[in-house]
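Visitor: what's the 3D shape of this:
(chains A, B, C and D)
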Number of protein chains: 2
Amino acid sequence: MPVEPNKRPVKTAETSFAILEQLKEAEEEESLGVSDLARRLGLAKSTVHRHLATLQTHGLVVEHDGGYRLGLRLLDFGLRARSLRPLYEIAKPKVDELAATTGEKVWCLAEEQGRSVHLYGAAGKHSVRTTAREGERGYLHQTAAGKAILAHAPRERVERIVDEHGLPARTPNTITSRDDLFEQLERIADRGYAFNREESIPGLHAVGAPITDDEGVATGAISISGPANRLKGDRLTKELPDLLLGAANEVEINLTFS
Amino acid sequence: MPVEPNKRPVKTAETSFAILEQLKEAEEEESLGVSDLARRLGLAKSTVHRHLATLQTHGLVVEHDGGYRLGLRLLDFGLRARSLRPLYEIAKPKVDELAATTGEKVWCLAEEQGRSVHLYGAAGKHSVRTTAREGERGYLHQTAAGKAILAHAPRERVERIVDEHGLPARTPNTITSRDDLFEQLERIADRGYAFNREESIPGLHAVGAPITDDEGVATGAISISGPANRLKGDRLTKELPDLLLGAANEVEINLTFS
DNA sequence: AATCTTGTTCGAGTAGTTCGAACGGTCGTC
DNA sequence: GACGACCGTTCGAACTACTCGAACAAGATT
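Guide: Numbers count the residues shown, from 1 in each chain, chains lettered A, B, ... in the order given. Below is the predicted model of the structure:
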């Protein structure tokens, strides 16, 4: 499913989305007003005003503190979108379990439109706090879970994803060359799981295993991540992968019979 | 802030929202196609097609199984909307704690546009499974938490809310008369917490306490709910309210100093 | 094999959006 | 205390761009 070039988009709807996007990007305690938004988006005040009024009647935006912020109707949509994914419903308890037994941060990621989405995360006792948030979008080549997904996808699919999104770096260790990527993906496919050695965040290591369907194609992945000095040696290369593969396998079985 | 009558809404944006709404209402494993949506919304196929293409490039909608479903970009927006509310961030650990100590289902609700929103829920060991979901909207007069919020709001505000949303019933016990409502609210305001005796779901009882700001106006509430035969007598009228008020008070303190 | 779907594209007509100007209100400053 | 600056809001006119319907290929169903 190549993302269509999308001739003739609905521009009016896009400006509404642009307003939502601006409000999402806004700082925590900052609430934007009509004029602020109009300036940022290069639109007339009256236009922004009209869009905001419409968004408000649908609960997508709410007045707050002399400005506007995202409305909780979006929470309804977002959580519905997530619970429609069987992967979430089934992986969640396993992710909790892994976090409890390993004490580290455990994530379940899904792939959508060539990007990764952090579906659900559970914190173990010793888990580090990173900037990752549930719902966040990321690049598949930058994480252990993402690479595990790519390694279990048809090569042409990976080619198209790289064509579209490139291989942006986040740390000196991030894979930035196509050749390196495919070389690693091959080894990951053989091994069945992937490592991340400070490729997305300095000082952070991770292991990721794919969740594959009955045709061996990945629909998501789970990962365990923690500080490099704790995730190393046999723990990183043996113990955690074992736990991870066990959990991933259980999820796969439950997925095919649901 | 009376919800404005909203002259001149942006109709084009509204049809985009209507499409999202339809996809949200859709059954679990049902994925709607262009023609389905066009039929349901009374629009031309080509119109729906164009909207879907636009929604897709923004990740709000994704192709799946020969149709479309809500995209995970909505999860990003929704979770951001929630974490922008200090109430959520601060109440969450207390809700977890209450669920663990009582063993029942504990909810944190917020008020928005005269309706309640289930911000966060935690399940205790014995907690019942209800139809309530995080992100769901409800009526304030139908639940313990909602009534606690209404009881700690200016009377004129409550009047406007009832004018706008009415007092729809969910069970034979739901409050449906204005007089009954205000009578109860008065007692709740005195007492400091509210009960729900099968007013939203048959066989379900609950206690709710408001989270108020420094002016005594409620911005949200937390509640404990469980089967009527377990939530009765002193446990319902003494023990649980005590725990609840303690937790609510802690949340309030943390909220004012954040 | 024929027929009824499906999703897709495109042109024409007009419905609806955008802009700008003007209003009243509120805040801050001189 | 009055002025000026900025805010959000409303409205009319101009023209953008959205909606519809028809027509197409591809696939499913009969």
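
Visitor: contact partners for the residue of chain A found nearest chain B?
Guide: Relative to chain B, the nearest point of chain A is residue A:78 (2.3 Å; Cβ to the nearest Cβ). (Glycine included, C-beta is placed from N, CA and C.) Going by Cβ atoms under 8 Å, 6 or more residues apart in numbering or on different chains, residue A:78 touches A:135, B:74, B:75, B:76, B:77, B:78, B:79, B:81, B:135.

Visitor: domain map for chain A?
Guide: Using automatic domain parsing, the domain parsing of chain A gives A:11-77, A:85-256.

Visitor: and those as JSON lines, adding mean neighbour count?
Guide: Below are these laid out as JSON lines (neighbours: other Cβ atoms under 10 Å in any protein chain shown):
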{"stretch": "domain A:11-77", "mean neighbour count": "19"}
{"stretch": "domain A:85-256", "mean neighbour count": "19"}
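
Visitor: any idea which of the ones you listed gets closest to residue B:41?
Guide: Closest approach to residue B:41 among these (Cβ to Cβ): domain A:11-77, 14.2 Å.

Visitor: please see if that closest one touches DNA strand C.
Guide: Yes - contact of domain A:11-77 with DNA strand C is found when judged by Cβ under 7 Å from any atom of the strand, involving A:11, A:12, A:15, A:43, A:44, A:45, A:46, A:47, A:50, A:51.

Visitor: return the distance of the last one relative to residue A:34.
Guide: Counting by Cβ to Cβ, to the nearest Å, the gap from residue A:51 to residue A:34 is 10 Å.

Visitor: need the contact list for the residue in chain A that DNA strand D sits nearest to.
Guide: In chain A, no residue comes nearer to DNA strand D than residue A:33, which is 2.2 Å away by Cβ to the nearest atom of the strand. The contact partners of residue A:33, taken as Cβ under 8 Å, 6+ apart, are A:66, A:67, A:68.

Visitor: take the residues you listed and keep only those in helices.
Guide: Residues of the contacts of residue A:33 located in helices (DSSP state H): none.

Visitor: which stretches of the stretch 101-250 of chain A form helices?
Guide: A:144-151, A:155-165, A:178-191, A:233-234, A:240-256 (DSSP state H, counting those that start in this stretch).

Visitor: just checking, what packs against the third one?
Guide: Right, helix A:178-191. Contact here means 3 or more Cβ pairs under 8 Å, 6 or more residues apart in numbering or on different chains; DSSP states H and E; on that basis helix A:178-191 packs against helix A:144-151, helix A:155-165.

Visitor: would you turn these into a markdown table with distance to DNA strand D and mean pLDDT?
Guide: Shown next, in a markdown table, are these (distance: least, Cβ to the nearest atom of the strand, whole Å; pLDDT from 0 to 100):
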| stretch | distance to DNA strand D | mean pLDDT |
| --- | --- | --- |
| helix A:144-151 | 27 | 98 |
| helix A:155-165 | 18 | 96 |
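
Visitor: can you list the ones you listed in JSON lines and add distance to residue B:115?
Guide: Formatted as JSON lines, those follow (distance: least, Cβ to Cβ, whole Å):
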{"stretch": "helix A:144-151", "distance to residue B:115": "37"}
{"stretch": "helix A:155-165", "distance to residue B:115": "39"}
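
Visitor: so which of those comes closest to residue B:225?
Guide: Taking Cβ to Cβ, helix A:144-151 is the member of the helices and strands packed on helix A:178-191 nearest to residue B:225, at 36.2 Å.

Visitor: who touches the closest one?
Guide: For helix A:144-151, the surrounding residues in contact (Cβ under 8 Å, 6+ apart) are A:107, A:109, A:111, A:116, A:138-141, A:158, A:161, A:181, A:184-186, A:188-189, A:193-196, A:206-210, A:218, A:220-223, A:225.

Visitor: same question, stretch A:183-202
Guide: Applying Cβ under 8 Å, 6+ apart, the contact partners of stretch A:183-202 are A:130-131, A:138, A:142-145, A:147-148, A:150-152, A:158, A:170-175, A:204-210, A:223, A:225, A:228, A:236-237, A:241, A:244-245.

Visitor: same deal with stretch A:88-100?
Guide: A:82-83, A:105-108, A:110, A:119-125, A:127, A:211, A:220, A:222, A:224, A:243-244, A:247, A:250-251, A:254-255, A:258.

Visitor: contact residues of chain A facing DNA strand C?
Guide: Residues of chain A found near DNA strand C (Cβ under 7 Å from any atom of the strand) are A:4, A:7, A:11, A:12, A:15, A:43, A:44, A:45, A:46, A:47, A:50, A:51.

Visitor: determine which two of those are furthest apart.
Guide: A:4 and A:45 (33.9 Å).

Visitor: now the strands for the stretch 1-150 of chain A?
Guide: Along the stretch 1-150 of chain A, counting by DSSP state E, counting those that start in this stretch, strands occupy A:61-64, A:67-70, A:105-112, A:115-122, A:137-139.

Visitor: TSV for those, including distance to chain B?
Guide: Formatted as TSV, the strands of the stretch 1-150 of chain A follow (distance: least, Cβ to the nearest Cβ, whole Å):
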stretch	distance to chain B
strand A:61-64	6
strand A:67-70	4
strand A:105-112	5
strand A:115-122	4
strand A:137-139	7
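
Visitor: ok, which of these comes nearest residue A:24?
Guide: Checking those against residue A:24 by Cβ to Cβ gives strand A:67-70 as the closest, at 6.3 Å.

Visitor: elements contacting that closest one?
Guide: Using 3+ Cβ pairs under 8 Å, 6+ apart, the elements in contact with strand A:67-70 are helix A:11-25, strand A:61-64, helix B:73-83.

Visitor: export those as JSON lines, with columns for distance to DNA strand D and mean pLDDT.
Guide: Formatted as JSON lines, these follow (distance: least, Cβ to the nearest atom of the strand, whole Å; pLDDT from 0 to 100):
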{"stretch": "helix A:11-25", "distance to DNA strand D": "3", "mean pLDDT": "97"}
{"stretch": "strand A:61-64", "distance to DNA strand D": "8", "mean pLDDT": "96"}
{"stretch": "helix B:73-83", "distance to DNA strand D": "19", "mean pLDDT": "98"}
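
Visitor: adding distance to residue B:101, write these out as CSV.
Guide: CSV is the format used below for the helices and strands packed on strand A:67-70 (distance: least, Cβ to Cβ, whole Å):
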stretch, distance to residue B:101
helix A:11-25, 36
strand A:61-64, 33
helix B:73-83, 24
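
Visitor: so where is the stretch 151-258 of chain A shaky, pLDDT-wise?
Guide: For the stretch 151-258 of chain A, no stretch has pLDDT under 70.

Visitor: specify the beta-bridge partners of the residue lying closest to residue A:211 once chain neighbours are set aside.
Guide: Among residues not flanking residue A:211 along the chain, residue A:220 sits closest, at 4.5 Å (Cβ to Cβ, 6 or more residues apart in numbering or on different chains). As for beta bridges, residue A:220 partners with residue A:110, residue A:211 under DSSP bridges.
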